[in-house]
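# Mind looking at a prediction? Sequence and model below.
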Amino acid sequence: MSCTLKHFPGHGHDIGDSHYTQPIDHRTKKELAKDIQVFVHLLSLAGAVMPAHIIYAEVDSQNTALNSETWERILRKGIGFKGAKFTDCISMEGAQGKVDGLADLTLFCGQPTSNYEGLLRATKRPKSEESTKRIQFFYQPEERIKKCHKSQKIS
């Protein structure tokens, strides 16, 4: 199994805890680019990424990084990430009602919520062939591990 990088594109500057509220990050695209660079350097070694349940208002003022088609394009086409995309625990307040099919794998690790049945229905949709390939990529880390070891130099 591979590692999962979280919380794309960066969780350090938000103004709220997504366990209890819906945080909104108002940094500029230029400021966000600094955090994204960390992911750019590490994504080739990761099998999955977990987007933040944060709205980055300068990029998409309506959707969190998890369910934003704009962030999906940045991750897949802009950065070229081929791995799986996980949700964080969908029982968190910041994740409520945000499961829309852009994630390959959905995590539920909390207590049932008032919207529990709706969340279950939303996550039982069949996945696309591309999504299935990304999940398989997550479970087959051998090539990324070899690449990582080749790039590590011990002095």
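Received the coordinates, thanks. Just so we're clear, the structure is a prediction, and the values are computed from it rather than from any experiment. Residues are numbered from 1 along each chain as shown.

# Tell me where the model's unsure across this structure.
Across the chain, the ranges flagged by pLDDT under 70 are 1, 14, 91-101, 110-126, 143-155.

# Helices along that one, start to end?
Taking DSSP state H as the test, the helices found in the chain are 29-42, 69-73, 116-123, 129-138, 142-151.

# so K82 makes contact with F138?
No - between K82 and F138 there is no contact, the gap being 10.0 Å when judged by C-beta atoms under 8 Å. Quick note: C-beta positions are derived from backbone N, CA and C, even for glycine.

# Neighbour count for the two, which is higher?
Shown here are K82 and F138; by other C-beta atoms under 10 Å, F138 has more neighbours (22 against 13).

# Let me know the distance separating that one from N63.
23 Å (C-beta to C-beta, to the nearest Å).

# and what of I74?
Between I74 and N63 the computed distance is 13 Å (C-beta to C-beta).

# again, but for M50
M50 is 16 Å from N63, by C-beta to C-beta.

# again with K127
Distance from K127 to N63, by C-beta to C-beta: 20 Å.

# L42 too?
24 Å.

# A84 is in contact with F138, correct?
Yes - in this structure F138 lies within contact range of A84 using C-beta under 8 Å: 4.2 Å.

# what touches both of the two?
Shared contacts of F138 and A84 (C-beta atoms under 8 Å, 6 or more residues apart in numbering): 47-48, 104-105.

# Just the buried residues of those.
Using 16 or more other C-beta atoms under 10 Å as the burial test, the shared contacts of F138 and A84 include 47-48, 104-105 as buried.

# Contact partners for M50?
4-8, 85-88.

# Serialize these to a markdown table and add fields for distance to I54.
Listed next are those as a markdown table, based on distance: C-beta to C-beta, whole Å:
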| residue | distance to I54 |
| --- | --- |
| T4 | 17 |
| L5 | 15 |
| K6 | 12 |
| H7 | 8 |
| F8 | 10 |
| K85 | 15 |
| F86 | 15 |
| T87 | 13 |
| D88 | 10 |
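
# Please type out the PyMOL selection for whichever of those residues turn out to be buried.
Buried residues among those (16+ other C-beta under 10 Å), as a PyMOL selection:
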select buried, resi 4+5+7+8+85+86+87+88
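
# can you name the two of the contacts of M50 that are farthest apart?
Greatest spatial distance in the contacts of M50: L5 and T87, 14.1 Å, computed using C-beta to C-beta.

# follow-up on the earlier one: of K127 and N63, who's got more company?
N63 (18 against 14).
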